[in-house]
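Visitor: Quick check, what structure comes out for this input:
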Amino acid sequence: MPARRPVNRRAAPTHSIATIGYQGATARNVVDTLLAAGIDLLVDVRAVASSRRPGFSKSLLAAHLMEGGIEYLHLRALGTPAAGRAAARAGRHEEMRTIYLGHLVLPEAQAALDALADLVRAGRRACLLCFEADAAHCHRSMVAAALDALVPVRVVHLDPSGA
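Guide: Okay, the predicted model is just below:
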């Protein structure tokens, strides 16, 4: 009798989540990229939703998005703690990952992750926003992976740089 192969019980993703970093982009590029991807909800996963880059502070960003018919939601609890942001700025990406993964298990972060999962399950075409252009060095990839554990998602990293 042939050996049985283990059955993969993980469901194929029926939902998707996008991510985008605005480093090096303009607010217009970001909105245009989101519209082209069919995004209807931008989920800001920055701990601090302010920016020195024009157009990326919370109120102004929400206004730009509204003009394009995209809803804005700030899930501060999914942001990187200060120590993680400092590690990322210094290029210590593994340290940032360790800090963020420790943060992600906190009840506030888990509640925000559950809320995000509910939105995705409801069919929202959501995109996670943070500053870092390279998704591999940004905590938004870890948010997407944690979300995938709750509701299988296909992750798409958007590039607003126009390149």
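Visitor: Not counting sequence-adjacent ones, nearest residue to residue 150?
Guide: Sequence neighbours aside, residue 117 is the residue nearest to residue 150 in space, at 4.3 Å (criterion: CB to CB, 6 or more residues apart in numbering). Heads up, the C-betas are built off the backbone N, CA and C, glycines and all.
Visitor: any low-confidence regions in the protein?
Guide: Within the chain, the ranges that satisfy pLDDT under 70 run 1-13, 162-163.
Visitor: hey, what's the residue nearest the centre of it bridged with?
Guide: Nearest residue to the geometric centre of the chain (CA atoms, centre = their mean): residue 128, 2.6 Å. For residue 128, the beta-bridge partners are residue 19, residue 43 (DSSP bridges).
Visitor: Skipping its backbone neighbours, what lies nearest residue 121 in space?
Guide: residue 151 (5.5 Å).
Visitor: Residue 108: neighbouring residues, count only.
Guide: 12 (other CB atoms under 10 Å).
Visitor: Please report how far it lies from residue 147.
Guide: According to CB to CB, to the nearest Å, residue 108 and residue 147 sit 16 Å apart.
Visitor: Please apply the same query to residue 111.
Guide: With CB to CB as the criterion, residue 111 and residue 147 are 13 Å apart.
Visitor: Which one of those two is surrounded by more residues?
Guide: residue 147 (23 against 13).
Visitor: which residues touch the more buried one?
Guide: 17, 113, 116, 117, 120, 153 (CB atoms under 8 Å, 6 or more residues apart in numbering).
Visitor: Okay, buried residues for stretch 53-67 please.
Guide: The neighbour-count criterion (16 or more other CB atoms under 10 Å) identifies 55, 56, 58, 61, 62, 64, 65 as the buried residues of stretch 53-67.
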